[in-house]
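Chemist: Sequence plus predicted model, see below.
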Amino acid sequence: IKLKNCNACYLVKYCSIKCQKDHRPKHKRACKKQAAELRDELLFKQPESTNLGDCPICSLPLPLDPAKSCAGTCCSKTICGGCNYANQKRELEE
């Protein structure tokens, strides 16, 4: 028999729809709590990186707006605006 997960919380497995319906009153409170936690986790989880990759200097995801990043003339790598600003500031101080 292939067991089926609860469709909301994925914590409990059932052998049949009848078994799932019979257990629902006992499982409902815990299920709602776990399902809310799963939704919050998915909602607030930041993506690993953008499709543009990460800045090679600070390792933060590059912004999707190309105006907020620039390509280095020395290596042609794209860096984020913050690293570009820090580099320009450092160059002015020298």
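Modeler: Noted; the coordinates are in hand.
Chemist: Every contact and neighbour count from this point should use C-alpha atoms.
Modeler: Noted.
Chemist: gap between the lengthiest helix in the chain and the chain center?
Modeler: Once the chain is assigned using DSSP state H, the helix that runs over the most residues is helix 17-44. Centroid displacement of helix 17-44 relative to its chain, using CA atoms, centre = their mean, to the nearest Å, is 22 Å.
Chemist: same thing with stretch 84-94?
Modeler: 32 Å.
Chemist: Same check on stretch 81-94?
Modeler: Counting by CA atoms, centre = their mean, stretch 81-94 comes out at 30 Å from the chain centroid.
Chemist: Next: stretch 79-94.
Modeler: Computed by CA atoms, centre = their mean, the separation of stretch 79-94 from the middle of its chain amounts to 29 Å.
Chemist: Then stretch 16-31?
Modeler: For stretch 16-31, the distance to the chain centre is 30 Å (CA atoms, centre = their mean).
Chemist: which residues touch it?
Modeler: Stretch 16-31 is contacted from outside by 3, 4, 6, 8, 9, 14, using CA atoms under 8 Å, 6 or more residues apart in numbering.
Chemist: where does this protein have low pLDDT?
Modeler: 42-51, 73 (pLDDT under 70).
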